[in-house]
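In: dropping the sequence and predicted coords here.
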Amino acid sequence: MLPAVIRNYGKEDFGGLIEVQALSFPPPFPSELWWNAEQLNEHVTRFPEGALCVEIEGRIAGSMTALRVRLEDDKPHDWASVTDHGYIRNHDPDGDTLYVVDICAAPAYRQFGLGHWMMQSMYETVVHLGCRRLLGGGRMPGYRAANAESGLSPEEYVAQVTEGARKDPVLTFLLRCGRLPVGVMADYLEDEDSCGYAALMEWRNPFMT
């Protein structure tokens, strides 16, 4: 078994983090949405507690990034506006919601459950900071094919995945991590496989009422 370390990432990790992004999000995912050094510098400067990575044998194998915001539950938003295009300059130190900017694991390490462990670590951050929830828009890369096959609406697709009638590479993973859908966002991210939709997935802090 390979030893894995989950820790906060720093400037010395930027090269490895960008490499993992390129491996994790190949075309048709737009390469301009991969991290750049300026974005990563904002992460480690503004909110280092929300900048997590997994290191295995000296290599970055995955990462997860979040910021704190205040969001009205029923207010539509997209990834660019809620994350400041990934720069998180809108990070609110008093925000009650820990919002996921990104999570990824290099394909060679995905069988080790790194995404699950990073999610659990971010839940611990939610509890430690006293936030009421973790929230984020989950890609739904199986939706385009499902829509072409049976004309499902995005809401119907998310419901079928939640009920276990279908599997989706991202949504099924998030459900297994304990996050539940609280809505569907249109025009969330330029993402052909998801037809631009995202499922808003929430985990509530069990220590807050």
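Out: Yep, that arrived. Residues are numbered from 1 along each chain as shown.

In: tell me the domain ranges of the chain?
Out: 1-131, 139-208 (the TED database).

In: now render these as a markdown table, adding mean neighbour count.
Out: Heads up, the C-betas are built off the backbone N, CA and C, glycines and all. As requested, these are exported to a markdown table (neighbours: other CB atoms under 10 Å):
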| stretch | mean neighbour count |
| --- | --- |
| domain 1-131 | 17 |
| domain 139-208 | 17 |
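
In: can you redo those domains as CSV with mean pLDDT?
Out: Listed next are the domains of the chain as CSV, based on pLDDT from 0 to 100:
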stretch, mean pLDDT
domain 1-131, 93
domain 139-208, 96
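
In: quick one: name whatever helix or strand follows the strand ranked longest in the chain.
Out: Counting residues, the longest strand in the chain under DSSP state E turns out to be strand 59-69. Per DSSP states H and E, the first helix or strand lying C-terminal to strand 59-69 is helix 79-83.

In: what helices and strands are in contact with that next one?
Out: Helix 79-83 sits against strand 97-105, with contacts defined as 3 or more CB pairs under 8 Å, 6 or more residues apart in numbering; DSSP states H and E.

In: and the strands in the protein?
Out: 4-8, 51-56, 59-69, 97-105, 133-139, 180-185, 198-204.

In: can you put those in a markdown table and add distance to residue 111?
Out: Formatted as a markdown table, those follow (distance: least, CB to CB, whole Å):
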| stretch | distance to residue 111 |
| --- | --- |
| strand 4-8 | 12 |
| strand 51-56 | 12 |
| strand 59-69 | 11 |
| strand 97-105 | 10 |
| strand 133-139 | 20 |
| strand 180-185 | 25 |
| strand 198-204 | 22 |
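
In: the ones you listed: which one's closest to residue 112?
Out: Closest approach to residue 112 among the strands of the chain (CB to CB): strand 4-8, 6.9 Å.

In: ok now that closest one, how far from the chain's centre?
Out: Between the centre of strand 4-8 and the centre of its chain there are 17 Å (CA atoms, centre = their mean, to the nearest Å).

In: which other residues reach that strand?
Out: With contact meaning CB atoms under 8 Å, 6 or more residues apart in numbering, strand 4-8 is reached by 44, 48-49, 51-56, 61, 112, 114, 117-118, 121.

In: again, but for stretch 103-114
Out: By CB under 8 Å, 6+ apart, the residues outside stretch 103-114 that reach it are 2, 4, 19-21, 23-25, 54, 56, 60-65, 115, 118-119, 136.

In: and it, end to end?
Out: By CA to CA, to the nearest Å, the extent of stretch 103-114 from end to end equals 10 Å.

In: likewise for stretch 12-32?
Out: 22 Å.

In: residues in contact with that stretch?
Out: Taking CB under 8 Å, 6+ apart as the rule, stretch 12-32 contacts 9, 33-37, 40-41, 53, 59-63, 104-108, 190-193.

In: ok, now with 6 Å
Out: By CB atoms under 6 Å, 6 or more residues apart in numbering, the residues outside stretch 12-32 that reach it are 34-35, 37, 40, 53, 60, 63, 104, 106-107, 190, 192.

In: could you export those residues as CSV, including distance to residue 201?
Out: Putting the contacts of stretch 12-32 into CSV (distance: CB to CB, whole Å) gives the following:
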residue, distance to residue 201
34, 22
35, 21
37, 29
40, 24
53, 21
60, 24
63, 18
104, 16
106, 22
107, 22
190, 19
192, 20
